[in-house]
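Trainee: Build me a structure from this.
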Amino acid sequence: MTRQTLVVMVKEPHPGRVKTRLGRELGMIAAAWWFRHQVARLLRRVEDPRWRLVLAVSPDAEGLASRVWPAHLPRMPQGKGDLGDRMRRIFRSLPPGPVCIVGADIPGIDRPHIARAFAALGGHDAVIGPAPDGGYWLIGLKRTTAVPARLFEGVRWSGAHARADTVASLGRCRVALVDTLSDVDEARDLSPAAAQRPAAGFPPTPARPPR
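Mentor: Residues are numbered from 1 along each chain as shown. Below you'll find the model as predicted:
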């Protein structure tokens, strides 16, 4: 039986290199401190025997040797390129089995969110956890066939079209949408109300593939 894998994408928490939009409001040191402790909390919440937890680190060499992140968790380098290049590389390089990828700056993620995403892959080829701004906090693939050749091509990142563009790049894959959660980009996103939106219904809502 192939094992499910959850990948959390993390950066070394250096001031001025992580959460720079947040840093312009709180200060770069405070933003880096928030990110470091947010990741620590997230990893404690999502570690679970139902899936293997892997860290995709950046920068590559520094992240692989870092003492910031828990030593018992396996790591892999994110590599070069934009977000799509790095996530596509993750999907193509891991051992067989379902894979979900999440960002590290979503305070609302908990085990039930991850479990629902993996469950959605039972009847779908891909799963997306939407964000209210048109992006997403999670993407997963069942990976019973090859990763779509055009995955993440033409995606307009950090904008209102990121989720729709990603669905389009999945071709004729059957896509499920699960819980809606928010990331933290600005100080106003730090409130508990902004961190977690009402969950989408389950069973997941299918996103119709483009014709």
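
Trainee: Closest to the centroid, which residue in this structure?
Mentor: V102 (1.6 Å; Cα atoms, centre = their mean).

Trainee: Can you tell me the element that residue falls in?
Mentor: Per DSSP states H and E: V102 is located in strand 99-103.

Trainee: What strands line up against that strand, and which way round?
Mentor: In the sheet, strand 99-103 lines up against strand 5-11 (parallel), strand 136-141 (antiparallel) (DSSP bridges).

Trainee: CA atoms only for the longest helix seen in the chain, dumped as CSV, please.
Mentor: Criterion DSSP state H: the longest helix present in the chain is helix 28-46. The C-alpha trace of helix 28-46 is given here as CSV (Å, rounded to 0.1, in the frame of the first residue of the first chain):
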residue,chain,number,x,y,z
MET,A,28,11.4,42.4,9.4
ILE,A,29,12.7,40.9,12.6
ALA,A,30,9.2,40.5,14.0
ALA,A,31,7.9,39.1,10.8
ALA,A,32,10.7,36.5,10.7
TRP,A,33,10.1,35.6,14.3
TRP,A,34,6.4,35.2,13.6
PHE,A,35,7.2,32.9,10.6
ARG,A,36,9.6,30.7,12.6
HIS,A,37,7.1,30.1,15.4
GLN,A,38,4.2,29.8,13.0
VAL,A,39,6.0,26.9,11.2
ALA,A,40,6.8,25.2,14.5
ARG,A,41,3.1,25.4,15.6
LEU,A,42,2.0,24.2,12.1
LEU,A,43,4.3,21.2,12.1
ARG,A,44,3.2,20.1,15.6
ARG,A,45,-0.5,20.3,14.4
VAL,A,46,-0.2,18.4,11.2
